[in-house]
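# next come a sequence and a model predicted from it.
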Amino acid sequence: MTRRPLYDRFLRKEPKQSRSRSVVEAVLEAASELLPGKHDDDDLSLNEIAARAGVGVGSLYDYFADRGSVLAGVAAKFTEDNLRAFEAQLEQARLEPLPVAVRGIVDLMFDTYVRDVRTPRLVLRVAHRIGLMPTIAGTQHAFATTLANALRQRTDVRKDDLELVAYMVTNMGMGVIHTLIWSDHPPFTPAELREQLVHAVLRYLTDAPAHAGTDEG
């Protein structure tokens, strides 16, 4: 069964046909393209979004109640699309050497969230306002679960509790990313932090597991 997009919860009605779904996708894509050029999401108008999407305002209102529901849809789509992109990157890295695989994931994190922080900032503001933050946390956990499954297939990761390891790695990376999203003048450059994160994750994954006690006698 096809999974319904996360943004459907913010629509007036579910698109039943591919043409209807295309209208919704066009509206969300247009809003996503316009957001980086705005000082605040309040500056984004429905007329502007409809014009950019190439649809009539009436068609937009068929599926979105107001500007807030469009922005909620953008936040949900941004979150879900990123999860799918990271899952695809994990699949691609399945047979790669561990250093190459880790760098690919870290590079995708920085390229997605840090290269241009304007959209992630606005999306997170909207997500906080509409109560979507638990869903975002849930997608991070979903990625950590996928990561644990990927690590389980490798012979070059020397850890015992891979669920916990994957959870820690995911949140280590996203902690750095969230700080960079909100920092106008971070004490270190994104390039420096990218390299340190790659190094830290590799070291964490390849260190022998620590045990609480030792056998004596």
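All right, it came through fine.

# pLDDT on the host helix or strand of Leu34, on average?
Remark: Leu34 resides in helix 18-34, with elements defined by DSSP states H and E. When pLDDT is averaged over helix 18-34, the result is 94.

# surely Thr139 meets Glu80?
Yes - Thr139 is in contact with Glu80 according to Cβ atoms under 8 Å; the separation is 7.1 Å. C-beta here means a position set from N, CA and C on the backbone, and glycine is covered the same way.

# sorry, back to before: distance from the chain centre to the helix holding Leu34, please.
Between the mean C-alpha point of helix 18-34 and the mean C-alpha point of its chain there is a distance of 19 Å (Cα atoms, centre = their mean, to the nearest Å).

# what comes into contact with that helix?
7, 11, 15, 44, 48-50, 52-55, 59-60, 62-64, 70-71, 73-74, 77-78, 119 (Cβ atoms under 8 Å, 6 or more residues apart in numbering).

# what subset of those residues is buried?
When neighbours are counted using 16 or more other Cβ atoms under 10 Å, these contain these buried positions: 7, 11, 15, 44, 49-50, 52-53, 55, 59-60, 62-64, 70-71, 73-74, 77-78, 119.

# center of the protein, which residue is that?
Central residue of the chain (Cα atoms, centre = their mean): Asn82, 3.8 Å from the mean position.

# if I pick that one, what's in contact with it?
The neighbours of Asn82, taking Cβ under 8 Å, 6+ apart as the test, are Thr112, Thr139.

# which helix or strand contains it?
Taking DSSP H and E as the definition, Asn82 sits inside helix 67-92.

# what angle do that helix and helix 18-34 make?
Here helix 67-92 runs at an angle of 90 degrees relative to helix 18-34 (axes from the mean of the first three to the mean of the last three Cα atoms, to 10 degrees).

# which positions within helix 67-92 qualify as buried?
The neighbour-count criterion (16+ other Cβ under 10 Å) identifies 67, 69-83, 86, 90 as the buried residues of helix 67-92.

# same deal with stretch 152-172?
Of the residues in stretch 152-172, Arg154, Val157, Lys159, Leu162, Val165, Ala166, Tyr167, Val169, Thr170 count as buried by neighbour count, 16+ other Cβ under 10 Å.

# can you tell me what sits against that stretch?
With Cβ under 8 Å, 6+ apart as the test, stretch 152-172 has contacts from 94, 97-98, 140-141, 143-145, 147-148, 151, 197, 200-201, 204-209.

# now, these that are in helices?
Under the assignment DSSP state H, the contacts of stretch 152-172 contribute 98, 140-141, 143-145, 147-148, 151, 197, 200-201, 204-206 to helices.

# determine which two of these are furthest apart.
His141 and Thr206 (23.9 Å; Cβ to Cβ).

# ok, Ala65 - how many residues close by?
Residues near Ala65, counting by other Cβ atoms under 10 Å, number 12.

# try Ile130
Residue neighbour count, defined by other Cβ under 10 Å, stands at 16 for Ile130.

# and it, what's its pLDDT?
The predicted local confidence for Ile130 comes out at a pLDDT of 88.

# and Ala212, by the same measure?
The predicted structure scores Ala212 at 40 on the pLDDT scale.

# ditto for Ala53
Note on Ala53: pLDDT of 96.

# and it, how far from Val70?
Relative to Val70, Ala53 is positioned 10 Å away (criterion: Cβ to Cβ, to the nearest Å).

# quick one, domains of the protein?
Described in terms of automatic domain parsing, the domain architecture of the chain consists of the residue ranges 6-68, 74-206.
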